[in-house]
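Novice: Sequence and predicted model, in that order:
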Amino acid sequence: MSARRILDRLETQELTRRQDRAELEAVADSFSVRLTEHVLHLASGGDGVARQYVPDPRELHFAPEELDDPIADEAHSPLPGIVHRYADRVLLTPTKACAVYCRFCFRREQVGANGKGLTTEQLEAACRYIAEHPVIWEVVITGGDPLSMSTRRIADLVARLSSIPHLEVIRFHSRMPVVEPEKIDAALLSALETDKALFIAVHANHSDEFTPEVETAIRRLTRSGIALVSQSVLLAGVNDSVEALEKLMRAFVRNRIKPYYLHHLDLARGTGHFRVSLQRGQEIVAGLRGRVSGLCQPSFMLDIPGGHGKVPVGPSHLTALGGGAYEIRDPKGITHLYRDPAEKG
């Protein structure tokens, strides 16, 4: 479905305004627009889903600090399709296509109709790079959405990576289970079969994304033995409250997806209307502590601009006072004095 046909659908469903049409077409000319039928239906239910996928005229407002490549993938890319930022793992980006295009995506300059996936020769070279570097313990397959590729191509890639002796972990990052759940079928599960530890990081940002169809798709993955972890982004108007984040994390755990990372929004161009301050993010994450199970606690992460890597930026509950004494803040915000006997002089 073309971007303009999608805009027609969104206008018919009253998810966009007629008076914004010219600006929205300009947005579509700059950043790819694509939604699945599943998401088009779900977006009518409220802002928690719609804001993630429906184009917005504010995407054309670029702030000076926003970047084309906010986490500097290019600086760590020794060859097409490989990003080698950390010694023991690499990103592999075989495709630039997605089933949907998130309006806050940090790779929005690269993905979409104009994004070029790897050729057969480039993919062979990327796999050869992994095979020739024994230090690589894990490969993270991202893009684009790697589960948007054909089942045959996924099977070929898994088989190729599975043949590398020193590679122990294969991790896919995907929106597919929550945006096109029918894709999670027996053929895909067969394509993902491997003796390696295979993980899928499932990206969702609002509890409303967990429809019965989505939960059925996720159940197929877990019953096949695939380990699932979560990926989310803290987004204004989507999940920027303790209550919204609590519901989201409970939805992950209910579906046997371990909360993993909650990302502070990267500095991608035209995403300022989604931005939540670091301070507010820390307050929200702190609000989860003591309110929900430890199983429901994600790590709040910042990818440092310039390609310097991810670091946890969640709230600290401990303040050093010196001499082995610490001030500890409990889940209710009350502080307590703690003396560490291991630090006695």
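Specialist: Received, thanks. Here the structure is a predicted model, which is why all the values come from computation and not from measurement.
Novice: Run through the stretch 51-200 of the chain and note the low-pLDDT ranges.
Specialist: Within the stretch 51-200 of the chain, the stretches with pLDDT under 70 are 114.
Novice: Show the pLDDT at residue 345.
Specialist: pLDDT for residue 345: 57.
Novice: Ok, residue 18 next?
Specialist: 88.
Novice: what residues are up against it?
Specialist: Contacts for residue 18 were tallied using CB atoms under 8 Å, 6 or more residues apart in numbering; they are residue 11. C-beta here means a position set from N, CA and C on the backbone, and glycine is covered the same way.
Novice: quick one: buried residues of stretch 117-137?
Specialist: 117-118, 122-123, 126-127, 129-131, 133, 136 (16 or more other CB atoms under 10 Å).
Novice: Give me the distance between the two termini of that stretch.
Specialist: End-to-end distance for stretch 117-137, by CA to CA, to the nearest Å: 24 Å.
Novice: Kindly reformat the buried residues of stretch 117-137 as TSV containing distance to residue 207.
Specialist: What follows is those, written out as TSV (distance: CB to CB, whole Å):
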residue	distance to residue 207
117	32
118	35
122	39
123	36
126	36
127	38
129	39
130	36
131	41
133	40
136	36
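Novice: which element is the nearest residue to residue 145 once chain neighbours are set aside on?
Specialist: In space, residue 145 comes closest to residue 98 once its chain neighbours are excluded; the distance is 4.2 Å by CB to CB, 6 or more residues apart in numbering. In this assignment (DSSP states H and E), residue 98 forms part of neither any helix nor any strand.
Novice: quick revisit: tell me which entries of the buried residues of stretch 117-137 lie within helices.
Specialist: 122-123, 126-127, 129-131 (DSSP state H).
Novice: burial of residue 174, as a residue count?
Specialist: By other CB atoms under 10 Å, the residues close to residue 174 number 25.
Novice: which residues touch it?
Specialist: When contacts are taken as CB under 8 Å, 6+ apart, residue 174 is in contact with 145-147, 200-203.
Novice: Tell me where the stretch 101-250 of the chain has strands.
Specialist: 138-141, 169-174, 197-203, 227-233 (DSSP state E, counting those that start in this stretch).
Novice: can you redo those as CSV with distance to residue 156?
Specialist: CSV is the format used below for the strands of the stretch 101-250 of the chain (distance: least, CB to CB, whole Å):
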stretch, distance to residue 156
strand 138-141, 13
strand 169-174, 13
strand 197-203, 15
strand 227-233, 22
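Novice: I'd like to know which of these lies nearest to residue 253.
Specialist: Taking CB to CB, strand 227-233 is the member of these nearest to residue 253, at 9.0 Å.
Novice: and the closest one, what's its mean pLDDT?
Specialist: Mean predicted confidence for strand 227-233 is 98.
Novice: what residues does it touch?
Specialist: Outside strand 227-233, the residues touching it (CB under 8 Å, 6+ apart) are 104, 173, 197-205, 218, 221-222, 239, 248-249, 252, 255-263, 265, 274, 298.
Novice: Mind pulling up the pLDDT for residue 280?
Specialist: 97.
Novice: Just give the nearest non-adjacent residue to it, would you?
Specialist: Of all residues not flanking residue 280 in the chain, residue 240 sits nearest, at 6.9 Å (CB to CB, 6+ apart).
Novice: Also residue 189?
Specialist: Using CB to CB, 6+ apart, the closest residue to residue 189 is residue 224 (4.7 Å).
Novice: Contacts only, for that neighbour.
Specialist: With CB under 8 Å, 6+ apart, residue 224 has these contacts: 189, 192-193.
Novice: now it: how far from residue 198?
Specialist: 9 Å (CB to CB, to the nearest Å).
Novice: now residue 29
Specialist: For residue 29, the distance to residue 198 - CB to CB - is 38 Å.
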